[in-house]
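A.B. asks: pasting the sequence and the predicted model now:
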Amino acid sequence: MARAPIDGSTLRWARELGRVSQEELARALGVKPERIDAFESEERQPTFRQLTLLATKLDRPLGFFFAPAPAEPDVPEAADFRGRTHDELPPGLAREMRRAEQHRDTMLHLDDQPRERLELKPLTWRTLAQSATDLRRQFGLLDSFVPTESQNGQVFNFWRGLIEARGILVFQTTKIPLETFRGLSIHHDLLPIVLVNGGDSAAGRVFTLFHEIAHLANRTSGLCMLHENVNEEALANGFAANFLMPEASVRRHVTADEDPYELAVSLASVFKVSPLAAAVRLKTLEVIDDKDLAEVRATSDEAWKKVRDKRKNSDGFVPPWRLRYRDLGSTYIGTVAQALEDQRVDMMDVTYLLNARLPMVEQLLTEYYRTGGAD
């Protein structure tokens, strides 16, 4: 049986960087962990079928394992793991972070469209409200502005489009548990990244976008659960709440002695955010207290869990290509499509850049041109 003469140190490098144990990789190949150790020490060579399986598990091209290991890691380092439920970065999320960095590299090489850049200054509690107002001004929005879109998914895409047009890349993830993270930011001076959990509600993802912009302003990165158990998280929550729900507009809709959850739901409907985001804003304005916020958080999380469970048990099916389109977004797909039109890349390159086989690539490009680049 033909064997693949891979570089064992490259296999170990990819496995460890991907946070995949020898036991987990062995299960994917249907072998004992000792066999993976033998591959890494080059005492044994995998069959080409085994190489295909381990490449799939580690999310690497086959040819990657025949070359020496890269000198530098290609999974970005996060400053911390705020609110994490894992001791280490989960493998699935490590993969998504690496892919996001690859997409950023693609944008740096292919995107020749001049983009405005947001001026993000460090945030403090004293400057929070003014910083939120300044960001609205950079977008050309008055404090009274609320997106006109009727669906929460459309509202998310509206904000995403504004952010990406000003030099911040936004990607989403599929099949990462919401308990693992809600949002992630990776700071770069040029084209920083915001990664949002696609399993969250659309309204929740809106809040996450601006929560992560606050972290970018303060040049911090990490996994965010949107809790307020550390000062940096509370600061980011406060900024997002100020931006999406300016104080004067909020106070016009606050009535005395209203149930905290009902008040949050009412406010969420007005500003097209989640009840949890609305409750955070009410807390920053001292309309509700910590106990009220905790109760709204618990009720909100339970309500969204029921919605997710109902969707899982329904007969509805979302085609994989549509999830890929949602995750990559029209900005990135459009950049690749333009490069293909200009013959700077060929269709084989595009399958790699979109991480999709040819039939899915054709569906993604067809959707991009059908919608005129709208998400």
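C.D. replies: Now that the structure is in, tell me what you want to look at. Numbers count the residues shown, from 1 in each chain.

A.B. asks: next, count neighbours for Ile193.
C.D. replies: With neighbours defined by other Cβ atoms under 10 Å, the count for Ile193 comes to 23. In this view, the C-beta of every residue, glycine as well, is placed from N, C-alpha and C.

A.B. asks: Asp7 and Val194: what is the separation?
C.D. replies: 35 Å (Cβ to Cβ, to the nearest Å).

A.B. asks: looking at those two, which is more packed in?
C.D. replies: For the pair Asp7 and Val194, the greater number of neighbours falls to Val194 (25 against 16), based on other Cβ under 10 Å.

A.B. asks: correct me, but that one touches Ile213?
C.D. replies: Yes: between Val194 and Ile213 there is a contact under Cβ atoms under 8 Å: 7.1 Å.

A.B. asks: mutual contacts of those two, please.
C.D. replies: 163, 168, 185 (Cβ atoms under 8 Å, 6 or more residues apart in numbering).

A.B. asks: redo the residues you listed as TSV? Include distance to Leu135 and pLDDT.
C.D. replies: Listed next are these as TSV, based on distance: Cβ to Cβ, whole Å; pLDDT from 0 to 100:
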residue	distance to Leu135	pLDDT
Ile163	10	96
Ile168	12	95
Ser185	15	91
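
A.B. asks: hmm, which of those are the buried ones?
C.D. replies: Neighbour-count burial (16 or more other Cβ atoms under 10 Å) applied to those gives 163, 168, 185.

A.B. asks: separation between the second one and Phe139?
C.D. replies: Counting by Cβ to Cβ, the separation of Ile168 from Phe139 is 12 Å.

A.B. asks: name the nearest residue to Val307, ignoring sequence neighbours.
C.D. replies: Ser201 (7.4 Å; Cβ to Cβ, 6 or more residues apart in numbering).

A.B. asks: which element follows the helix or strand of the chain with the lowest mean pLDDT toward the C-terminus?
C.D. replies: When the helices and strands of the chain are scored by mean pLDDT, DSSP states H and E, strand 222-224 comes last with a mean of 66. Later in the chain than strand 222-224, the nearest helix or strand by DSSP states H and E is helix 231-244.

A.B. asks: which residues are contacting the helix or strand hosting Ala303?
C.D. replies: Using DSSP H and E, Ala303 falls within helix 290-313. The contact list for helix 290-313, computed with Cβ under 8 Å, 6+ apart, reads 178, 199-201, 204, 228, 260-261, 264, 274-276, 279-280, 282-283, 288.

A.B. asks: now stretch 319-336
C.D. replies: With Cβ under 8 Å, 6+ apart, stretch 319-336 has contacts from 103, 106-107, 110-111, 113, 160-161, 164-165, 169-174, 198, 345, 350, 353-356, 360, 363-365, 367-368, 371, 373-375.

A.B. asks: let's go with 7 Å and repeat that
C.D. replies: Residues from elsewhere that reach stretch 319-336, judged by Cβ atoms under 7 Å, 6 or more residues apart in numbering: 103, 107, 110-111, 160, 164, 170-174, 198, 350, 353-354, 356, 360, 363-364, 367-368, 373-375.

A.B. asks: re the thing from before, want to throw the buried ones among the shared contacts of Val194 and Ile213 into TSV with distance to Leu120?
C.D. replies: Converted to TSV, these look like this (distance: Cβ to Cβ, whole Å):
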residue	distance to Leu120
Ile163	11
Ile168	9
Ser185	11
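
A.B. asks: make a markdown table out of those residues and add secondary structure and distance to Leu53.
C.D. replies: Below are these laid out as a markdown table (DSSP: H, G, I helix; E, B strand; the rest coil; distance: Cβ to Cβ, whole Å):
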| residue | secondary structure | distance to Leu53 |
| --- | --- | --- |
| Ile163 | helix | 38 |
| Ile168 | coil | 36 |
| Ser185 | strand | 33 |
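
A.B. asks: wait, which of those is closest to Pro91?
C.D. replies: Ser185 (20.2 Å; Cβ to Cβ).
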